[in-house]
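Engineer: this is a predicted model, with the sequence first.
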Amino acid sequence: MSFPRDLYPSESDLLYEEGVLRNPFSLKLWWSYLLAKSDAPFKKRCIIFERALKALPGSYKLWHAYLRERLQVVRNLPVTHPQYETLNNTFERALVTMHKMPRIWLMYLSTLTEQKLISKTRRVFDRALCALPVTQHDRIWENYLVFVSQKGIPIETSLRVYGRYLKYDPSQIEDFVEFLLNSSRWQEAAVRLASVLNDDQFYSIKGKTKHRLWLELCDLLTTHATEVSGLNVDAIIRGGISKFTDEVGRLWTSLADYYIRRNLFEKARDVFEEGMKKVSTVRDFSVLFDAYSQFEESMAAPKMENMDPSNDDEEEEEEDIRLDIDLCKPKSKFEKKIFKGFWLHDDRDVDFRLARLDHLISRSPELANSVLLRQNPHNVVQWHSRVKLFEGNPTKQILTYTEAVRTVDPMKAVGKPHTLWVAFAKLYETHKDLVNARVIFDKAVQVNYKTVDHLASVWAAWAEMEIRCNNFKGALQLMRRATAEPSFEVKRRVAADGNEPVQMKLHKSSRLWTLYMDLEESLGTLESTRSVFERILDLGIAKPELILNYALFLEEKKYFEDAFKVYERGVNIFKYPHVKDIWVTYLSKFVKRHGKTKLERARDLFDRAIEAAPADAVKPLYLQYAKLEEDYGLAKRAMKVYDQATKAVPNHEKLSMYEIYIARAAEIFGVPKTREIYERAIESALPDNDMMKICLKYAQLEKGLREIDRARGIYLFASQFADQISDFWDIWQEFEVRHGSEESFRDMLRTKRSFCASYLKQAGISEDEMAALERQLLPAANNAVVKDSARNVGFVSAGVEAQADGGMKTRANVEEIVLPEENDSDDNGGVEMEQRDVPSAMWSRKRKDNENDDGGVDDSAAKDKGGKSPERIKRLKISR
C-alpha cells in the first residue's frame with residue numbers, strides 16, 4: 001500500500017520517529033508525537049494513531065482521542081457519507097479491546113442513533129448490556145429508552161425493550177405507562193396501572209399518591225371506554241369511591257361517563273341516581289348534579305334540533321311486509337314495524353326527555369337536603385327544612401316526620417328534637433285530626449330527651465293544643481298528670497336501673513308549674529290556685545315573676561293582706577338582685593293601699609328593704625321612702641331620709657342624690673336651708689369632678705343671695721379641684737370682673753399662676769419653660785415701666801387709660817354714679833340678715849398654700865379668709 005509523499009515523516013519528525021522505533025510500546029512517546037503533530041492534516045494524524053494503536057491496542061487514552069477526532073470529522077457530513085462507515089468500523093475495532101469501557105459504548109451508540117440505523121443500533125445496545133457489568137447498565141438504559149421512544153421505532157420493539165427494562169428496574173413502571181399513553185396503547189396502559197394499584201408495596205418515584213394514580217386510571221377507563229376491555233371498570237371505580245372519599249363526586253361522574261361513552265344511557269342514569277343518593281358532601285353533590293343535568297340536556301338538544309313539526313300529524317300507511325326481501329338485514333323495516341308503538345323505541349320522545357330534565361331540576365332542593373341529612377341524620381333543622389319542601393303534600397310531610405322521629409336520637413340531636421314531635425302533632429291538628437295529634441303527643445312524652453325542658457315543652461304544647469280546641473278540663477288534667485310526682489316504687493325501680501330518664505325530674509319543671517298556675521287562675525277556684533302555689537313553694541321552684549303574678553291575682557280577688565303575705569314570703573325566699581322587683585312592687589302596693597293609716601309599718605318595711613339592699617340598688621328605695629314621708633309623714637323625716645341616702649349611695653350617684661336633696665329642701669324650707677346641704681356635700685368624699693360641680697352650684701347660690709365674699713371663698717376652695725382645660729377659671733374671672741375689686745382679681749390671677757406652675761411642674765417642664773409660658777400669658781406693656789409692679793396685667797380699671805410716655809391718666813367719667821359709703825353698722829333697710837361662717841375645711845388647704853407662698857398673712861386677711869363677717873366691698877365708680 002503506497003502513501004502520498006506528504007504523509008511520510010518529515011525531518012522535524014525524525015526525532016519522534018527514532019524514539020517510537022526505539023521504544024514502540026511507550027505511550028508517552030506516542031502521545032508527545034501526536035501533540036507535536038496537532039496541526040498536521042487528519043490523514044497524517046490518522047496514520048500516527050493507527051501505528052500507535054497497533055503497538056498499544058489496549059490504550060483507552062489513544063482510542064478515546066482517536067474516536068473523538070473521527071467524530072469531529074464526520075460532524076458536518078450527511079449520514080450516508082462513507083466516512084460514517086469508516087467510523088463505525090473504527091468503533092468496532094476499538095470495542096475489541098475497549099468492550100468494558102462504557103464511555104466508548106455510549107459514543108458508538110450516540111453515533112448509531114444519529115445515523116437512524118434501527119436494527120444495528122438495537123443490536124449494539126444489546127451487546128453493550130451484555131458486555132458491561134450490571135452496575136453500569138443504568139447509563140446504557142437511559143440512552144436505550146430515549147432511542148426506543150423516538151418516532152419511527154416499531155411499537156413492538158419499544159414494548160419489548162421496556163419489558164426488559166422493567167425487569168432491570170421495576171420502579172420505572174410509571175415511565176412505561178406514560179410511554180403507553182403517548183403511544184395510544186390504552187389497553188396495556190390500563191392493565192399496567194391496575195397492576196400498580198394492586199401492588200401494596202409500590203412506591204412512586206415521581207411522588208404520585210395512590211389516589212392520583214387511581215384518578216388517572218378512572219380517567220383512562222372512562223375516556224377510552226371502547227378501547228379498553230378485560231377490566232371490570234364498574235368494580236374498579238366503585239372500589240375507588242369506597243376508598244377515596246374526597247373525590248366521590250368525580251368518581252361517580254366518571255363511572256356514569258363510562259356508560260355514556262358505551263351508549264348505555266339508562267345505565268348512566270342509574271349511576272347518576274345512585275350517586276346522588278350516596279354522596280355526603282355538598283361539593284360532590286353539585287359536581288354530580290351538574291354532570292347529570294348536562295347529560296339530560298345533551299340528550300334532549302339533538303332531538304329538538306332534528307324535530308320536524310310537519311310529520312307530527314302524518315301516519316305511515318301499513319304495508320304487507322311478509323314478502324319483504326330485506327327481512328334478514330339488521331334494522332329492517334320488519335324490525336321497525338315490530339317495535340312500532342313502544343315508547344322506548346319511539347324517536348319522537350322530545351317531550352319525554354324534557355320532562356325528565358324538568359323533573360330532575362325540580363328535585364334538586366330535595367336531593368340537596370338529603371345530602372345534608374346524610375352528613376348528620378340527627379340535624380333537626382334540616383328535617384324541618386325537608387318538611388317545608390313538601391308543603392302542600394300532607395302525605396309526604398307525614399312520611400317525612402315519621403322518618404325523622406325514628407331517625408333522630410335525642411342524645412345526639414343538633415337542635416331541639418322535641419320540635420319534630422310538636423310540629424308532627426300540629427300537622428294533624430291543622431287537618432282537624434285531633435285523635436292522631438293526641439296519639440303523637442302521647443308518644444312524644446314517653447321519649448327520653450336530653451333535658452327536662454324539652455319534655456316540658458312537649459307537655460306545654462299538648463296543653464296549649466287542648467286549650468285551642470276549647471278542651472279546658474283536658475288541659476287541666478294534662479297539667480295535673482305532668483306535675484304529679486313519681487311514686488316511691490317507680491323511684492326505687494329507676495334507682496336500681498341506674499339510668500334516670502328525664503320523666504323523673506318533670507315534676508320540678510318551673511315552666512309546667514307556671515302554666516299550671518295560669519290555668520288554675522283562669523279556670524280553677526281560689527283554693528285550687530292556693531294549693532298549686534303552696535306546692536310550688538314546697539318544691540322550691542318559685543320565681544319572682546310567679547310571686548308577683550300570684551300576689552296580683554289575690555289583689556284582684558280583694559285579698560290584700562294575703563297578697564302582702566305572698567310578698568313577704570317572696571322577700572324572704574329571694575335575695576338581690578332577684579328580690580328587687582318584689583320589694584319595689586310590695587312597697588308601692590302597701591303605700592297605695594294604706595297610705596298614712598299604717599305609717600309605722602310602712603317605715604319598718606322601708607327600713608328592712610334598705611337594710612337588705614346593696615349600695616347600687618338602694619337609691620330608688622330611698623326616693624320612694626322620702627316620697628312617703630313627704631306625702632304622709634314629716635318634712636324633717638323626709639330630709640333625714642335624703643341625708644341617709646346621700647351617705648348610702650355609691651360615689652358615682654352621690655352628686656345626683658345631693659341635687660335631689662337640695663331641690664326638695666329648697667322647695668320645702670327655702671333656699672337658705674340648702675347651705676347646710678351644700679356644706680355637707682363639700683365635706684363628703686365626692687369625686688373631684690362632682691366636687692367641682694357642687695362648688696360651682698354653691699357659689700351660684702351665694703352669688704344669687706349677694707354673698708360675694710362667701711362665693712369668692714367657694715371659688716378659692718374649688719380651685720384645688722380644677723384642671724388645666726376646665727371652664728372654672730373663665731367662670732371665676734367673669735365673677736371677679738363683675739363683682740370683684742382689683743385686689744381680688746390679683747388674688748385670682750395669683751391662684752391661677754400657682755396652679756399652672758404646679759401643674760407644669762408635675763408635667764416635667766423646667767422653670768425656664770414655665771417662665772417663658774408665663775410671659776406669653778401676660779401681655780406685654782409696650783416696654784414701659786409700670787408704676788405698680790405688683791399689679792397684674794390683664795385687669796384694667798374702667799377709669800384709667802395709658803399715656804404715650806408710659807404714665808397713666810385718670811379719665812373723667814361724666815356718667816359716673818356716686819354711691820354712699822356703706823359700713824357694717826347699717827341696718828340693711830330694717831331686714832335682719834343672718835351671717836354664717838364658711839366651713840373652715842374650705843379654707844384650710846388654701847390658707848396653708850398662701851402662707852407658704854407669701855410667708856404669712858396679715859390679721860385682716862386671715863380674719864377675712866377665716867370666714868368671719870367680711871368687710872363689704874365699696875363700689876367707688878361704675879362705668880358702663
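Structural biologist: Here it is on my side, so go on.

Engineer: C-alpha from now on. contacts and neighbour counts both.
Structural biologist: Fine.

Engineer: point out where this protein drops to low pLDDT.
Structural biologist: Within the chain, the segments meeting pLDDT under 70 span 1-12, 306-348, 490-491, 494-499, 541, 688, 718, 722-726, 733, 759-880.

Engineer: give me the buried positions along stretch 39-46.
Structural biologist: Of all the residues in stretch 39-46, those buried under the rule 16 or more other CA atoms under 10 Å are 44-46.

Engineer: so which of the residues you listed are in strands?
Structural biologist: With strands taken from DSSP state E, there is no overlap with the buried residues of stretch 39-46.

Engineer: give me the subset of those residues lying in helices.
Structural biologist: Among the buried residues of stretch 39-46, DSSP state H puts 44-46 in helices.

Engineer: nearest to Val228 among the buried residues of stretch 39-46?
Structural biologist: Nearest to Val228 among these is Cys46, at 58.5 Å by CA to CA.

Engineer: give me the neighbour count for the residue lying closest to the closest one once chain neighbours are set aside.
Structural biologist: Once flanking residues are discounted, Cys46 sits nearest to Tyr66: 7.7 Å by CA to CA, 6 or more residues apart in numbering. Burial measure for Tyr66: 20 neighbouring residues, criterion other CA atoms under 10 Å.

Engineer: Tyr66 sits in which helix or strand?
Structural biologist: Counting by DSSP states H and E, the element that carries Tyr66 is helix 60-73.

Engineer: which other helices and strands does the following helix or strand past that helix contact?
Structural biologist: Sequence-wise, the next helix or strand downstream of helix 60-73 (DSSP H and E) is helix 82-98. When contacts are defined as 3 or more CA pairs under 8 Å, 6 or more residues apart in numbering; DSSP states H and E, helix 82-98 sits against helix 60-73, helix 102-115.

Engineer: just the residues contacting helix 82-98, thanks.
Structural biologist: 57-58, 60, 63, 67, 70-71, 74, 104-105, 108 (CA atoms under 8 Å, 6 or more residues apart in numbering).

Engineer: redo those as a markdown table? Include distance to Val279.
Structural biologist: Shown next, in a markdown table, are the contacts of helix 82-98 (distance: CA to CA, whole Å):
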| residue | distance to Val279 |
| --- | --- |
| Pro57 | 75 |
| Gly58 | 73 |
| Tyr60 | 69 |
| Trp63 | 70 |
| Leu67 | 67 |
| Arg70 | 69 |
| Leu71 | 65 |
| Val74 | 67 |
| Ile104 | 61 |
| Trp105 | 59 |
| Tyr108 | 60 |
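
Engineer: widest-spaced pair of those?
Structural biologist: Pairwise distances across those (CA to CA) peak at 24.5 Å, for the pair Gly58 and Val74.

Engineer: how many residues are close by Met465?
Structural biologist: 20.

Engineer: where's it relative to Lys432, distance?
Structural biologist: Note on Met465: its distance to Lys432, by CA to CA, to the nearest Å, is 12 Å.

Engineer: ditto for Leu621
Structural biologist: Distance from Leu621 to Lys432, by CA to CA: 54 Å.

Engineer: ok, Ser158 touching Val148?
Structural biologist: Yes - using CA atoms under 8 Å, Ser158 is in contact with Val148, at 5.1 Å.

Engineer: please enumerate the helices of the stretch 551-700 of the chain.
Structural biologist: If DSSP state H, counting those that start in this stretch is used as the criterion, the helices of the stretch 551-700 of the chain fall at 560-573, 580-594, 599-612, 619-632, 635-648, 651-669, 674-683, 688-704.

Engineer: still on that earlier bit, list the buried ones in the helix holding Tyr66?
Structural biologist: 60, 62-64, 66-67, 70-71.
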